[in-house]
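Student: just need the structure, nothing else, for what follows:
(chains A and B)
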Amino acid sequence: MQGYIFLSPWILGFLLFTIGPLLASLYYSFNRYTLLMPIQWAGLRNYQTAFFGDKLFWISVVRTLTWAIVTVPLGIIGSLLAALLLNRGIRGTTIWRICFFLPSLTPQVAAAMLWVWLLQPQLGIVNSMIYTLFHVRGPAWLGDMKWAFPSLVMISLWTGIGSNRMLIFLAGLQGVPQELYDASMVDGANWLQKTWHVTVPMITPTIFFNLVLGIIGSLQVFGMAFVATGGGPAYATYFYALHLYQTAFRSYDMGYGSALAWILFVFVLLATFVQVKLSGGWVYYGGEVRR
Amino acid sequence: MHETKASSEGVKWPVIGREAASVVLNILSTGLAIVFMFPFLWSLSTSLKTVVEVHAFPPSFLPKVPQFGNYWEAWTSIQFGMFFINSAIVTVCAVIGTVVSSTLVAYSFARLRFPGREVLFLICLSGMMMPVYVTIIPLFLMFRAIKWIDTLKPLIVPNFFAGAFSVFMLRQFIMTIPFELDESALIDGASRLGILINIILPNCKTALVTLAVFAFMGTWNEFLAPLIFLDSVKHFTLPLGLWFFQSYAGDPNLPKDHLLMAGSIITTVPVIIVFASAQRYFVQGIVMSGIKG
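Tutor: Coordinates of the predicted model:
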């Protein structure tokens, strides 16, 4: 009985702030609900609107999937390479580690501000450097149709490469048994071969963990884009969460907003489920002692 | 151990090749470190420049005379001081709420026996996969109904109800504490709460510090919830204030980039301080949550 008393903060919180709202948004998603008028049953209308009537829905889906496909692998590979660079057992590694890690401590909005200023078309340091070095005008970056998306990718890599993910990889690398390296050394493997055939297979569980979390996170990208580009120019960085925010908290269309939220939720569940299913094929758990 | 690893690199390579590779990798590391640090240094320098210097072309790397007054101006006339206080209130409450509630819940999941424990724990874990967007609309409507919109309460109160991630992390940690300690205390007649306070808590400092730092960062950096739940500028937290100042406040003809950078630095520095002072515990904690997760 005492167990439930200690558990009560979570039970209450789960009912009030998780499962209650979850069911409520499911219910709203089947209704017309705009705050101005009483709630009204609409069946599947909101879902039909999303898939067959809302051009911005598809734009935001494409932007978000592109974002996930680009930033998740780049981020994971970047963090892994950074961890490999730091794991060579060389003096002075600490200072490199601090330099790699600091950007990830910057609050998202502050990071966005910083880069808005660096990438400012006329006064920004990036374009000044480009002009000084090549005597050409740089693009407007965050204000340019073509460059806004890659600019955001760059910002996300700046904050993401040296983050917790790198630290987790670093710990994973240090957990690879030395015997394996010794054995590969006897076989005459070079650094690249050792990395690819020993290190990477041994840390696949860590890669998998980061992949799952990375995809869940990337599908929900919001703050940085909201601050740096507001979804523009011309919807070039209009991510799913921005569409959801606009719908629910700018147009106050709570019914349609809830439907958008549920589509995202189901998609996240499916994506995670598929990854878990596929993981059997490539994730190696043999190295884990505690299992 | 690392030394052997480094020196064992590519045994078949000629010595010169190995050294060259090492130099290349060092240059690469240093180059990357500079690229990573540059935006910081640049914003720091901008935040100390005069308006004229900010608009100079080509830009100078350092201000002639550092304008520390910019920080005072950002703090007072742009109200970053007020945003800072709001952020501090919300964050301190959130950290206390998270640590206290998660400790109770994690202890229960780790040590107490009751029917349905495993199922409830799985349900708790499932909370980690849930996008915020799927609950935020009903939460907004609920907080609106009880007149909490445009107060700091929606940002504070939910933290007192143990989030999935913190419970999971702490529970994993408590499981590693030897059970015999609990048992001998039980025989001595200690209460469950007494055991939690006197035996479990002193043994999970690492996890508690990690949890506190996570809660701090999560709340201090949070943007979406303040954006949705707050309306008036006097309640804004730092990230929201920063965004507001960038997009709306002030005369659009007056340059404000140096003040924006000062604001960004004001927002970032507390995170660095907290991280630096907790680093020893924190890194260990992250690694634990990642590897054993």
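
Student: ok, A:Ile76 - contacts?
Tutor: A:Ile76 makes contacts with A:Arg165, A:Ile207, A:Asn210, A:Leu211, A:Gly214, as judged by C-beta atoms under 8 Å, 6 or more residues apart in numbering or on different chains. Placement of C-beta: from N, CA and C, glycine included.

Student: in PyMOL, how would I select just the buried ones from the residues you listed?
Tutor: Here is the PyMOL selection string for the buried members of the contacts of A:Ile76, based on 16 or more other C-beta atoms under 10 Å in any protein chain shown:
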select buried, chain A and resi 165+207+210+211+214
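
Student: tabulate the contacts of A:Ile76 in a markdown table, adding columns for pLDDT.
Tutor: Formatted as a markdown table, the entries for the contacts of A:Ile76 read as follows, by pLDDT from 0 to 100:
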| residue | pLDDT |
| --- | --- |
| A:Arg165 | 87 |
| A:Ile207 | 87 |
| A:Asn210 | 86 |
| A:Leu211 | 90 |
| A:Gly214 | 91 |
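
Student: name the single longest helix found in the chain.
Tutor: Since no chain was named, I'll use chain A. Within chain A, and with DSSP state H defining each element, the longest helix by residue count is helix A:55-86.

Student: my bad, the chain I had in mind was chain B
Tutor: If you go by DSSP H, chain B has its longest helix at helix B:257-291.

Student: how far off centre is that one?
Tutor: Distance of helix B:257-291 from its chain centroid, counting by C-alpha atoms, centre = their mean, to the nearest Å, is 7 Å.

Student: just stretch A:135-151 next, same as before
Tutor: Computed by C-alpha atoms, centre = their mean, the separation of stretch A:135-151 from the middle of its chain amounts to 22 Å.

Student: got JSON lines for the contacts of A:Ile76, with distance to A:Trp158 and secondary structure too?
Tutor: Formatted as JSON lines, those follow (distance: C-beta to C-beta, whole Å; DSSP: H, G, I helix; E, B strand; the rest coil):
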{"residue": "A:Arg165", "distance to A:Trp158": "13", "secondary structure": "helix"}
{"residue": "A:Ile207", "distance to A:Trp158": "21", "secondary structure": "helix"}
{"residue": "A:Asn210", "distance to A:Trp158": "18", "secondary structure": "helix"}
{"residue": "A:Leu211", "distance to A:Trp158": "20", "secondary structure": "helix"}
{"residue": "A:Gly214", "distance to A:Trp158": "16", "secondary structure": "helix"}
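
Student: not counting sequence-adjacent ones, nearest residue to the residue of chain B at minimum distance from chain A?
Tutor: Across chain B, no residue is closer to chain A than B:Phe161, which sits at 2.3 Å (C-beta to the nearest C-beta). Distances taken as C-beta to C-beta, 6 or more residues apart in numbering or on different chains place A:Gly13 nearest to B:Phe161, at 2.3 Å, with adjacent residues excluded.

Student: residues contacting the one you found?
Tutor: Contacts for A:Gly13 (C-beta under 8 Å, 6+ apart) come out as B:Ser101, B:Pro158, B:Phe160, B:Phe161, B:Ala162, B:Gly163.

Student: neighbours of residue 38, just the number please.
Tutor: Using chain A here. 8 (other C-beta atoms under 10 Å in any protein chain shown).

Student: let me rephrase: I mean chain B.
Tutor: B:Phe38, neighbours per other C-beta under 10 Å, totals 14.

Student: one more: the one 10 residues further on?
Tutor: Using other C-beta under 10 Å as the criterion, B:Leu48 is surrounded by 22 other residues.

Student: so it touches B:Pro66, yeah?
Tutor: Yes - in this structure, B:Leu48 sits in contact with B:Pro66. The criterion is C-beta atoms under 8 Å, and the distance is 4.2 Å.

Student: now the spatially most central residue of chain B: which helix or strand?
Tutor: For chain B, B:Met217 is the residue whose C-alpha lies nearest the centre (C-alpha atoms, centre = their mean; 1.6 Å). Secondary structure assignment for B:Met217, by DSSP states H and E: helix B:205-221.
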